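Peer 1: Predicted model, plus sequence, below.
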Amino acid sequence: METFIMAFTIFVLAIFVGFEIITKIPPTLHTPLMSGSNAISGITLVGAVLSAGSQVTTLTTVLGLLAVIFATINVVGGFMVTNRMLSMFKKK
Amino acid sequence: MSGVLINIGYLIASVLFILGLKGLTHPRTAVRGNLLGATGMFIAVVLTLTNQRIVSFEMILIGIVIGGAIGAVLAIKIQMTEMPELVALFNGFGGIASVLVAGAALFESAQGTDVPIIQLTIAIAASGLIGAVTFWGSLVAFGKLKGLVNENAFLFSGQQIINAVLGIVTLSFAVWVVIDPTSTVAYWCLVGTASILGVLLVMPIGGADMPVVVALLNSYSGLAAAANGFVLSNNVLIITGSLVGASGLILTQIMCKAMNRSLTNVLFGVLAPVGGGPSADDVYAGKVKSASPEEVALLFDAARRVAIVPGYGMAVSQAQHPVASLAALLESRGVTVEYAIHPVAGRMPGHMNVLLAEADVPYEALKDMDEINETFDQVDVALVIGANDVVNPVARTDPSSPIAGMPIIDVDKAKTVVVIKRSLSPGFAGIPNPLFALDNSLMMFGDGKKMVLDMVSALKDS
């Protein structure tokens, strides 16, 4: 239970940090914000890698492999497309 | 590597994600911010590979190569007009990854002798539920944006009741997973019903409300990742998931506010059917004036300040490049050109800004609604391209209208309003727009791109 409360504390505090930062992001950058946050939500890759690599059963390995594929699409695609968009925003 | 070092590495990754988002608070620092986020991700993944639980790297490598290739191709090939679809798809992928990871964690724990603790199984059930709703909801949103699924709201009688029943059934399966973690059937039943729920929740939502849905699903994909963090007791997942969850939620709020509707109304409500409002004939008959590109070019010649108001129609006709060259031409003649962007213009938050940035419009020229509305009475010509409801003055004047109270761009305060539109057909709200019949309004009927190009050549000739 104690681990859970610790984890929950981090969860709640991180939400507050998120609110503070994201309310300061200008509307002009809202699309890159969404694609960029997509990329970082691909962090699930960390869990996917563990399941695909620990090979407990065939089923868990297959689930892990699929998860690695989907999460990597998010990470690679997300960061790349965000970079592509952001480099188009130029000053006069 | 020892657990302590791995966790310190995860902390560094989390800090980099936060700094990365902070970079997005200004276009100048945004590219670097994105790179910081990518660095954080790289650190987190590499550290995870040192985990002793991993016995073989084969599957991991295969997955990363396949996923990386698909992701890279999508990111390079995608047209900027298609960004809403891509983001919807990525939201869905985040959701399904959470479903798969939580499923794998559940079946792994079923192999062990220890009974998994209840916090773990609750987190698994939550990941499966949120993840499946996100995945299928996002696929429907993707289909609607791409035109594969009818964009209109899909409604049938008893919809709310069916959703409610389905919601209860889904929650019951979730409870089953929590009580009996050895049952693989329970988890798949949960994922199955949550999937149907995801489809049914997004089907009734119409095309113009997509910005809200895409933002909300973005938030869900973050929450699913956070739930995964609880499954794996991994702080970097929890932190990142909550950041994304918060981000999606804020964008959802902004979008709802920009339409003066509550989230419940967007998700479950229908725009009130138009009863008693003036008919299109009453509003338009004999009052609508149309103008040729040459006539409008003359107007521009005399103008000192021009505001361009883009809408989804500009994206549909791919008119952003001609619009930018028109603006450049005007500026070379000493006219000030600005862009007035409504928060819900387009199909996702910030959609118009990205399109115009692609056409090399400097970001200083992109003005938010509130900022430009203050000075709209000093605008000589307002050029509306493919926007309708967001410039409908009825929102200010008629409290019984379905868009009453919605903040709009006050184009009617400009000296002259030029509207490029294919026809007088109504926008998403289904009501006529008296703006088109105002004394100071001129209509240019036709395709956005063609009309703007015609104006550019007329200006060059004059």
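Peer 2: Received it, and whenever you're ready, just let me know what you need.

Peer 1: For the residue nearest the centre of chain A, what is the enclosing helix or strand?
Peer 2: Centrality entry for chain A: nearest residue to the mean C-alpha point is A:Ser41, 1.4 Å, by CA atoms, centre = their mean. Element membership for A:Ser41, per DSSP states H and E: helix A:30-41.

Peer 1: is that helix up against chain B anywhere?
Peer 2: Yes: contact of helix A:30-41 with chain B (CB under 8 Å from any CB of the partner chain) involves A:His30, A:Thr31, A:Pro32, A:Leu33, A:Met34, A:Ser35, A:Gly36, A:Ser37, A:Asn38, A:Ala39, A:Ile40, A:Ser41. All C-beta atoms are positioned from the backbone trio N, CA, C, and that covers glycine.

Peer 1: May I have that helix as PDB, with CA atoms only?
Peer 2: The C-alpha trace of helix A:30-41 is given here as PDB (Å, rounded to 0.1, in the frame of the first residue of the first chain):
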ATOM      1  CA  HIS A  30      -1.100  23.600 -29.800                       C
ATOM      2  CA  THR A  31      -0.800  21.100 -32.700                       C
ATOM      3  CA  PRO A  32       2.900  20.500 -32.100                       C
ATOM      4  CA  LEU A  33       2.000  20.200 -28.400                       C
ATOM      5  CA  MET A  34      -0.400  17.400 -29.200                       C
ATOM      6  CA  SER A  35       2.000  15.500 -31.500                       C
ATOM      7  CA  GLY A  36       4.800  16.100 -29.000                       C
ATOM      8  CA  SER A  37       2.800  14.800 -26.100                       C
ATOM      9  CA  ASN A  38       1.900  11.800 -28.200                       C
ATOM     10  CA  ALA A  39       5.600  11.100 -28.600                       C
ATOM     11  CA  ILE A  40       6.300  11.300 -24.900                       C
ATOM     12  CA  SER A  41       3.300   9.200 -24.100                       C
END
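
Peer 1: Check which residues of it are buried.
Peer 2: Judged by neighbour count (16 or more other CB atoms under 10 Å in any protein chain shown), helix A:30-41 contains these buried residues: A:His30, A:Thr31, A:Pro32, A:Leu33, A:Met34, A:Ser35, A:Gly36, A:Ser37, A:Asn38, A:Ala39, A:Ile40, A:Ser41.

Peer 1: Packing partners of it?
Peer 2: helix A:78-86, helix B:3-23, helix B:27-49, helix B:83-111, helix B:210-232, helix B:235-258, helix B:351-358 (3 or more CB pairs under 8 Å, 6 or more residues apart in numbering or on different chains; DSSP states H and E).

Peer 1: Could you dump the residues of helix A:30-41 next to chain B into TSV and include pLDDT?
Peer 2: TSV is the format used below for the residues of helix A:30-41 next to chain B (pLDDT from 0 to 100):
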residue	pLDDT
A:His30	95
A:Thr31	95
A:Pro32	96
A:Leu33	96
A:Met34	95
A:Ser35	96
A:Gly36	96
A:Ser37	94
A:Asn38	94
A:Ala39	96
A:Ile40	95
A:Ser41	93
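
Peer 1: Kindly provide the distance from B:Leu139 to B:Leu326.
Peer 2: Counting by CB to CB, to the nearest Å, the gap from B:Leu139 to B:Leu326 is 38 Å.

Peer 1: Does B:Asn440 touch B:Lys413 like I think?
Peer 2: No: with contact defined as CB atoms under 8 Å, B:Asn440 does not count as touching B:Lys413 (9.5 Å).

Peer 1: what residue is smack in the middle of chain B?
Peer 2: Short answer for chain B (CA atoms, centre = their mean): B:Met348, at 2.9 Å.

Peer 1: Serialize the buried residues of helix A:30-41 to JSON lines and add fields for distance to B:Phe107.
Peer 2: Below are those laid out as JSON lines (distance: CB to CB, whole Å):
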{"residue": "A:His30", "distance to B:Phe107": "39"}
{"residue": "A:Thr31", "distance to B:Phe107": "38"}
{"residue": "A:Pro32", "distance to B:Phe107": "37"}
{"residue": "A:Leu33", "distance to B:Phe107": "35"}
{"residue": "A:Met34", "distance to B:Phe107": "33"}
{"residue": "A:Ser35", "distance to B:Phe107": "32"}
{"residue": "A:Gly36", "distance to B:Phe107": "33"}
{"residue": "A:Ser37", "distance to B:Phe107": "29"}
{"residue": "A:Asn38", "distance to B:Phe107": "27"}
{"residue": "A:Ala39", "distance to B:Phe107": "28"}
{"residue": "A:Ile40", "distance to B:Phe107": "27"}
{"residue": "A:Ser41", "distance to B:Phe107": "23"}
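
Peer 1: B:Val337 should be in a helix, yeah?
Peer 2: No: assignment of B:Val337 by DSSP: H, G, I helix; E, B strand; the rest coil gives strand, placing it outside any helix.

Peer 1: so what's it up against?
Peer 2: Residues in contact with B:Val337 (CB atoms under 8 Å, 6 or more residues apart in numbering or on different chains) are B:Val306, B:Ala307, B:Ile308, B:Ala327, B:Leu330, B:Glu331, B:Ala365.

Peer 1: For the closest residue to it other than its chain neighbours, give its distance to chain A.
Peer 2: In this structure, B:Val337 finds its nearest non-sequential neighbour in B:Ala327, 4.3 Å apart by CB to CB, 6 or more residues apart in numbering or on different chains. Separation of B:Ala327 from chain A (CB to the nearest CB, to the nearest Å): 12 Å.

Peer 1: Now the phi/psi pair for B:Ala327, please.
Peer 2: Note on B:Ala327: its backbone torsions stand at phi -60, psi -40 [degrees, to the nearest 10].

Peer 1: Just the pLDDT for it.
Peer 2: Model confidence at B:Ala327, given as pLDDT, is 95.

Peer 1: Which stretches in chain A count as strands?
Peer 2: Remark: strands of chain A are absent; assignment by DSSP state E.

Peer 1: Show me the shaky parts of it.
Peer 2: Residue ranges of chain A with pLDDT under 70: none are present.

Peer 1: quick one: buried residues of stretch B:150-159?
Peer 2: By neighbour count on 16+ other CB under 10 Å, the buried set for stretch B:150-159 is B:Glu151, B:Ala153, B:Phe154.
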